[in-house]
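Colleague: Here's my sequence, what's the structure:
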Amino acid sequence: GANAAALQALLGPLMAKAFGNAGGSPTLRSILNGNRPSIVKPGMNVRECSEIMTDAHKAALVVEDGELIGIVSFKDVMSRALAKELPLELTAVTSIMTPNPESVTPDTTVLEAMQIMHENKFLTLPVCEEGGEVVGVVDVMDVIYGCGGAEGWRSIFDSAMNVADDFSDTGSMHSMGTARSNRTARTTKSVKVADKDVRPVSKLRPKKPLISSSNDSILEVTRMLASKRGDAALITSANGGLAGIITDTDITRRVVAKYIE
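Modeller: This next block holds a predicted model:
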């Protein structure tokens, strides 16, 4: 859309300068290259699907006759199967999947994928060729690492500062002294922020945490997360201290896939 195009126009040249990529933002094809997609058949049960998801560390794509018909996330397994105490070996993945998910082509750029996921609040995004052939699935972390991770974004930021400096250098001779002064102050400020990493996590506006006791059963925690539409809970000890954290991924990989009842 227009927002994705604007984001590409803004950050594409900076990414090209930061990573030496003539095309700017890398594509999803480059991220998925060599990775086998986590594909399951419609007749597969939830337990079998969970084992495949555990091995791949990815959501599962439900494919029938070469066509993508659904997607199963870790949260789907937790909320739509385990929390409802469905018989996992007798429940088909089609009964808990999200049908007909939106997909993108492998030539979609990382920035475009990021914009699509942000606008639609997707955590995962199926990738298919124009003809419908399933290529794989990317998640939020894939997109972040596709931009080079934290160091990549720092490179983009540094490139942005250099572009601003180059622009200042093209100003008139009359303004050159002021531009140099501003550039020095701005560069010094950016170095201080990078060195100290002072931005607090509160700036991200974290949600109120979901809390369970270490005495609660897995089923109780699962039902609580499902009812609150949460994907993680903090676990407290008997004295009220933090004992750990459990996520929808933990429940799928360590409970469902491991046959823990």
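Colleague: Could you tell me which residues make contact with the closest residue to residue 232 other than its chain neighbours?
Modeller: Leaving aside its sequence neighbours, residue 232 sits nearest to residue 247 (CB to CB, 6 or more residues apart in numbering; 4.4 Å). To be clear about C-beta, it is placed using only N, CA and C from the backbone, and glycine gets the same treatment. Contact analysis of residue 247 by CB atoms under 8 Å, 6 or more residues apart in numbering lists 74, 231-232.
Colleague: Dump those to CSV, plus distance to residue 46 and secondary structure.
Modeller: Below are those laid out as CSV (distance: CB to CB, whole Å; DSSP: H, G, I helix; E, B strand; the rest coil):
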residue, distance to residue 46, secondary structure
74, 12, helix
231, 18, coil
232, 21, strand
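Colleague: so where is the stretch 101-250 of the chain shaky, pLDDT-wise?
Modeller: 148-198 (pLDDT under 70).
Colleague: That one: strands as residue ranges?
Modeller: 124-128, 134-139, 211-213, 232-236, 242-247 (DSSP state E, counting those that start in this stretch).
Colleague: Distance to residue 37 added to those strands, as TSV?
Modeller: Converted to TSV, those look like this (distance: least, CB to CB, whole Å):
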stretch	distance to residue 37
strand 124-128	8
strand 134-139	4
strand 211-213	34
strand 232-236	26
strand 242-247	23
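Colleague: Most neighbours among the contacts of residue 247, which one?
Modeller: residue 74 (25 neighbours; other CB atoms under 10 Å).
Colleague: For that one, give me its contacts.
Modeller: 53, 59, 231, 247-249, 251-253.
Colleague: And the pLDDT at residue 33?
Modeller: We have a pLDDT of 87 for residue 33.
Colleague: how much space between it and residue 127?
Modeller: Going from residue 33 to residue 127 by CB to CB, to the nearest Å gives 11 Å.
Colleague: neighbour-wise, which of those two wins?
Modeller: Per other CB under 10 Å, whichever of residue 33 and residue 127 has more neighbours is residue 127, with 25 against 11.
Colleague: Surely the more buried one touches residue 104?
Modeller: Yes. Between residue 127 and residue 104 there is a contact at 5.9 Å, judged by CB atoms under 8 Å.
Colleague: can you list residues touching both of the two?
Modeller: residue 28.
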